[in-house]
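# Predicted model, plus sequence, below.
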Amino acid sequence: MRLKCWEPFLLMAVAVAPSFSHAMRPGAPLGEHKEIQLHTGVELQVRRLAPGTVLKVVLRDKKKLEGRLVKVSGDGFRLLDVEGAAIVERSLPFDQVKKVTVSDPKPHRDPAAGRLIAGTAVGTGVLTVIILVIAGVI
């Protein structure tokens, strides 16, 4: 009996398919369902941010906070907040947070960079005039 070109692939798929379905959950008997923990939108958003990011946080009790992200843990995150003259590190559980926004996503420009560019342009202009005077063009 001669096999058609696609039949070996079909036989391989039928033979391997049951082992793949069990391999997705090692140690779990077939038919047993594991509970999957779903993450909230706030939790996913905070987990994607780098420590040190400045955040504006709105809590479920409508209190507003602003500070730097310190650390993200399994059930919440820590925020470094300024309260009066004191710096306070707050622990905020994800279930108490209503909304999180990045306070200032745009990086600040260094004013020294502008002065450097202006100085370079002026220096180049002066050097060009000096060369033209020496060459006798002006």
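It's in.
# Please count neighbours and contacts with C-alpha atoms only from this point.
Fine.
# So, low pLDDT: which residues of the protein?
For the chain, residues meeting the criterion pLDDT under 70 lie at 1-39, 104-110.
# And the helices in it?
In the chain, the helices defined using DSSP state H lie at 7-23, 41-47, 111-135.
# Quick check: the closest residue in space to Ile138 that isn't next to it in sequence vs Val58, distance?
Once flanking residues are discounted, Ile138 sits nearest to Leu132: 6.0 Å by CA to CA, 6 or more residues apart in numbering. Relative to Val58, Leu132 is positioned 64 Å away (CA to CA, to the nearest Å).
# Ok, Ile138 next?
Distance from Ile138 to Val58, by CA to CA: 67 Å.
# For the two, indicate the residue with more neighbours.
Legend: neighbour count by other CA atoms under 10 Å for Ile138 and Val58, higher for Val58 (17 against 9).
# ok, now which ones touch the more buried one?
Contacts for Val58 (CA atoms under 8 Å, 6 or more residues apart in numbering) come out as 64-65, 97-100.
# and if you look at Arg47?
Counting by CA under 8 Å, 6+ apart, the residues that Arg47 touches are Val72.
# How about the one 10 residues further on?
Val57 makes contact with 64-66, 97-101, according to CA under 8 Å, 6+ apart.
# and the two most separated of the contacts of Val58?
Greatest spatial distance in the contacts of Val58: Leu65 and Lys98, 11.6 Å, computed using CA to CA.
# Which positions in stretch 50-60 come out as buried?
By neighbour count on 16 or more other CA atoms under 10 Å, the buried set for stretch 50-60 is 53-59.
# Pipe the residues you listed into a markdown table and attach distance to Ser73 per row.
Converted to a markdown table, the buried residues of stretch 50-60 look like this (distance: CA to CA, whole Å):
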| residue | distance to Ser73 |
| --- | --- |
| Thr53 | 16 |
| Val54 | 18 |
| Leu55 | 16 |
| Lys56 | 18 |
| Val57 | 17 |
| Val58 | 19 |
| Leu59 | 18 |
